[in-house]
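S.K.: I would like the atomic coordinates for the input below:
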Amino acid sequence: MKPATTLFALVFSLVLAPPVIGHGGTYRGPGDTVPPGAGAPAAPAAPATPSTPATPSTPATPTTPTTPATPTTPATPTPPVPPPPSPAVTAASVPSVDLTRWEFWWEFNKGPFLNLKAKIQSGAVSTGTSDILSGLSGAASVATTLAPTASQIQNTIIPELRDLMKKEDDRDIVGACMMALAKIQLDTTVQEIFKDNLKSGDQEIAETAALAFGVLQSADAFPVLEALATNSSDGLKLCGRETDVPDRTRAFALYGLGLLGNKTTDTTLQEKILDILWTTLITDESNFKDLRVACVIGLGVTAQVDPVPTAEKLLGYLKDSGNDKLVRAHCPNAIAKLLEKTPPDAAIVKQSLNVFIDLAGSKKTTNEVLQSAVQALGMLGDGDMDLGQEIFATLKNVNDKGKNLQAKNFTAIAMAQFGASVDDNHPIRTTTIKYLLEKMRKGKSTYRPWCGLALGAMAFYINENGGTISSTVERSLRDAFVNEKNPSRKGGYAIGLGLLKAETAKEDLRASMDTVSDASFRGYAAVALGLIGAREYKDYLTTVVQDNVRKPDLLKQASIGLGLMKDKSVSGVLLKLIKPDKGNPSLAVLAAAASAIGFIGDKSSVTPLVETMNNKGLTSLARAFSAIALGAVAERFQLPWNSLFSVDINYRSAVVTLTNQNTGILDIM
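M.R.: Numbers count the residues shown, from 1 in each chain. Next up is the predicted model:
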């Protein structure tokens, strides 16, 4: 079990797919259905308990969109605990969901924009009478941190999680405890427990254990990850097998090597990791392309003294059309991440950008590779370089004349990143803003909210670099928000305003939560108010959380909004949802409340969570979600651990171990 990330979009308030609890719980914010994975399933490794196979995945290639429907997060029903997933589980088909919508990109990329744990743990404003009554100037600042203390972590959280894992054999509880202990990263002796679980006849437990070694990010875990990833005789012994290490276990070990490689400063260890990943990439000939995808992604995040040799290898792999299109599709993003800090005038940067430009302009390029090339142009492009105008022209051409809707939509984000790469008065900045503003006003309906979101993202990037964006952007985006009737498009504009920190839009955002009934939109408006820091509305958002237990998406989003406002009372409200005075909460409510608590990271949650996870009178899911939340409160990662993979990834080129609504690494909390 791995605390699964509650990914995206249940259309309108309808439940298209019930929330799932693979590997521990659901996590990823509003509207949580995952784009269908496109990877071929592994040859099944016989699980201890047979399970019902999942519905075959739909192709990753976008279809002609239907009228966009507003996504919501985990929905209200209380489904039974799902059966154990097959090791070869494929993504469930959700044909009614338009995967090209802006909400999907936001959910995969929101971690750095929210940075919620860092904000709420850095200090808080005292709660009590509302700011509306006391006045903002009368709010007493309290220089305190909400992060759990070292004593709480070492003397309470770690021992309680270890003790619970010893006493329980429930898959969800065991998996939640493993991931929680791994994310805390302070007790390397847990590796012995993880080793025991590698031999589990339950594939889900075994692969969770493999991943946990990577999440520890400890050099001591390398021999285990190496043995599993390379399918060596030591790997077979670790798994208690006579033949092969299960493909899914190998894939999770490869992702784990990327996690370890990202953190280690040991250059010898970095080289060993790079060698395993590259060798596996070029020698694997199995139908289970997840192994090769994991290698490409791992290569892109592994720290390297000189990233050029790896970038050159990946560039060659990308250019070889004989390689699988889904594996190739992850190469541009990996290359862009590798070269992020390389001088823009370096030969490898120019060479890479020229390849991306050629791929984006060729009619022979597959949709998956095209989408990634567009993303990489935004990630790596610099407006000051000689290629600046050509990059802009390429992105513009893909949007104006291209046929793939996802690639067209990705151009908005790419332009935001590209436009933010230059100084405030640079012609490229002016050109990209003008283009996005024009398309937001007169572009196709499917592209307009992407433009609003992109303008907000651009403002965020510019602000991070110490610059400012034209005030025209805020006025135009506010006008688009006020005049928009469609809830999904209006939500995109709301997030854009939040990222802009648009003080002039606070009243409009608050009023819209009364006039628009769509729960998903109201959730995004709540997040926008939090991003702006509109604390005068914290009492209102508290009421929204309390009154919407049957709308988990909304309660989670409103909770995130409160967390962004540094309202420390929100954790108490969420804990009440996990352990109500009467009855048992739905799976969706558990997922939403636990993930929001973990996102916020408030130390006041520790004791109630420990009590809840040890309460045998509660359901195993309630206890598992409490363990998930407890680990998230104490973890060493400031952002969700899988943000390393999810940010700037082409999620439309999904394979089942990457994301499949349940048991992929992007679905794990």
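
S.K.: D581: how many residues sit nearby?
M.R.: 5 (other CB atoms under 10 Å). For every residue, glycine as well, the C-beta is placed using N, CA and C.

S.K.: Confirm that it sits in a helix.
M.R.: No - secondary structure of D581 (DSSP: H, G, I helix; E, B strand; the rest coil): coil, not part of a helix.

S.K.: what are the phi and psi angles of it?
M.R.: D581 adopts backbone torsions of phi -70, psi -30, taken as degrees, to the nearest 10.

S.K.: would you list every one of the helices in the stretch 51-200 of the chain?
M.R.: 102-114, 116-121, 131-134, 150-152, 158-167, 171-184, 191-198 (DSSP state H, counting those that start in this stretch).

S.K.: Check the stretch 551-669 of the chain too.
M.R.: Going by DSSP H, counting those that start in this stretch, the stretch 551-669 of the chain shows helices at 552-564, 570-578, 587-600, 606-613, 620-634, 643-646.

S.K.: swap in the stretch 301-450 of the chain?
M.R.: 308-319, 325-329, 331-338, 347-361, 367-380, 388-401, 405-419, 427-442, 448-464.

S.K.: which stretch among those comes nearest A654?
M.R.: Closest to A654 of the helices of the stretch 301-450 of the chain is helix 325-329 (CB to CB; 8.3 Å).

S.K.: D553 and V589, how far apart?
M.R.: Applying CB to CB, to the nearest Å, the value for D553 to V589 is 10 Å.

S.K.: More neighbours: which of those two?
M.R.: More crowded of D553 and V589, by other CB under 10 Å: D553, with 30 against 27.

S.K.: That one reaches A593, doesn't it?
M.R.: No - under the criterion of CB atoms under 8 Å, D553 makes no contact with A593, lying 11.8 Å away.

S.K.: what sits against V224?
M.R.: By CB atoms under 8 Å, 6 or more residues apart in numbering, the contact set of V224 is 191, 194-195, 198, 213, 238, 253.

S.K.: Which member of these is positioned nearest G631?
M.R.: F194 (14.2 Å).

S.K.: how about the closest one, what does it touch?
M.R.: With contact set as CB under 8 Å, 6+ apart, F194 has these partners: 178, 182, 209, 212-213, 224.

S.K.: Output the below-cut-off pLDDT ranges for this protein.
M.R.: 1-96, 117, 119-145 (pLDDT under 70).

S.K.: now the contacts of F194 in TSV, with distance to V610?
M.R.: Shown next, in TSV, are the contacts of F194 (distance: CB to CB, whole Å):
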residue	distance to V610
M178	17
A182	18
A209	23
A212	21
F213	25
V224	29
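
S.K.: Mark which of those are buried, thanks.
M.R.: For the contacts of F194, a burial check counting by 16 or more other CB atoms under 10 Å picks out 178, 182, 209, 212-213, 224.

S.K.: Need the helices of the stretch 551-669 of the chain in a markdown table (columns: distance to N660).
M.R.: Shown next, in a markdown table, are those (distance: least, CB to CB, whole Å):
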| stretch | distance to N660 |
| --- | --- |
| helix 552-564 | 20 |
| helix 570-578 | 26 |
| helix 587-600 | 16 |
| helix 606-613 | 27 |
| helix 620-634 | 19 |
| helix 643-646 | 14 |
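
S.K.: Would you tell me which of those helices gets closest to E107?
M.R.: If you check each of those against E107 by CB to CB, helix 643-646 wins as the nearest, at 8.6 Å.

S.K.: Identify the residue spatially nearest to the residue nearest the centre of the chain, adjacent ones excluded.
M.R.: In the chain, the residue lying closest to the centroid (CA atoms, centre = their mean) is F108, at 3.7 Å. Leaving aside its chain neighbours, F108 sits nearest to S646 (4.6 Å; criterion: CB to CB, 6 or more residues apart in numbering).

S.K.: since we're on that neighbour, how many residues are nearby?
M.R.: Neighbours around S646, by other CB under 10 Å: 23.

S.K.: these two touch, right, it and P112?
M.R.: No - look at S646 against P112 with CB under 8 Å: they stay out of range, at 10.2 Å.

S.K.: returning to what we had before: I only care about the contacts of V224 that end up buried; give me the ChimeraX line for that.
M.R.: Filtering those down to the buried ones (16+ other CB under 10 Å) takes a single ChimeraX command:
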select :191,194,198,213,238,253
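
S.K.: Looking at the helices of the stretch 551-669 of the chain, spot the one closest to L274.
M.R.: helix 643-646 (16.3 Å).

S.K.: Show residues contacting that closest one.
M.R.: 108-109, 111-112, 255, 258-259, 262, 297, 301, 637, 640, 658, 665-666.

S.K.: and if we set it to 10 Å?
M.R.: 5, 7, 28, 107-112, 255, 258-259, 262-263, 294, 297-298, 300-301, 337, 637, 639-640, 658-659, 664-666 (CB atoms under 10 Å, 6 or more residues apart in numbering).

S.K.: quick one, what contacts the closest residue to V190 other than its chain neighbours?
M.R.: The shortest distance from V190 to any non-neighbouring residue, by CB to CB, 6+ apart, is to L181 (4.7 Å). Counting by CB under 10 Å, 6+ apart, L181 touches 157-158, 161-162, 165, 187, 189-191, 193-194, 212, 215-216, 627, 631, 634-635.

S.K.: Filter those down to the buried ones and hand me the ChimeraX line.
M.R.: Buried members of the contacts of L181 can be picked out in ChimeraX with the line below, counting by 16+ other CB under 10 Å:
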select :157,158,161,162,165,187,190,191,193,194,212,215,216,627,631,634,635
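
S.K.: How about the contacts made by the residue nearest to V610 when sequence neighbours are not counted?
M.R.: Excluding its sequence neighbours, the residue lying closest to V610 (CB to CB, 6+ apart) is E160, at 5.0 Å. With contact taken as CB under 10 Å, 6+ apart, E160 is in contact with 177, 180, 606, 609-611, 613-614, 627, 630.

S.K.: Kindly recompute the last result at 8 Å.
M.R.: Counting by CB under 8 Å, 6+ apart, E160 has contacts 610, 613-614, 630.

S.K.: Same check on K603?
M.R.: 146-149, 152, 633.

S.K.: between those residues, which is closest to V308?
M.R.: A147 (38.4 Å).

S.K.: Go ahead and confirm the closest one touches G601.
M.R.: Yes - under the criterion of CB under 8 Å, A147 makes contact with G601 at 6.5 Å.

S.K.: which one of the two has more residues nearby?
M.R.: G601 (24 against 18).

S.K.: That one contacts A632, doesn't it?
M.R.: Yes - between G601 and A632 there is a contact under CB under 8 Å: 6.9 Å.

S.K.: Distance check, G492 against G378.
M.R.: As for G492, its distance to G378 is 18 Å (criterion: CB to CB).

S.K.: try A210
M.R.: On the measure of CB to CB, A210 and G378 end up 33 Å apart.

S.K.: got a markdown table for the helices of the stretch 301-450 of the chain, with distance to L274 too?
M.R.: As requested, the helices of the stretch 301-450 of the chain are arranged in a markdown table below (distance: least, CB to CB, whole Å):
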| stretch | distance to L274 |
| --- | --- |
| helix 308-319 | 6 |
| helix 325-329 | 17 |
| helix 331-338 | 11 |
| helix 347-361 | 16 |
| helix 367-380 | 20 |
| helix 388-401 | 29 |
| helix 405-419 | 26 |
| helix 427-442 | 34 |
| helix 448-464 | 29 |
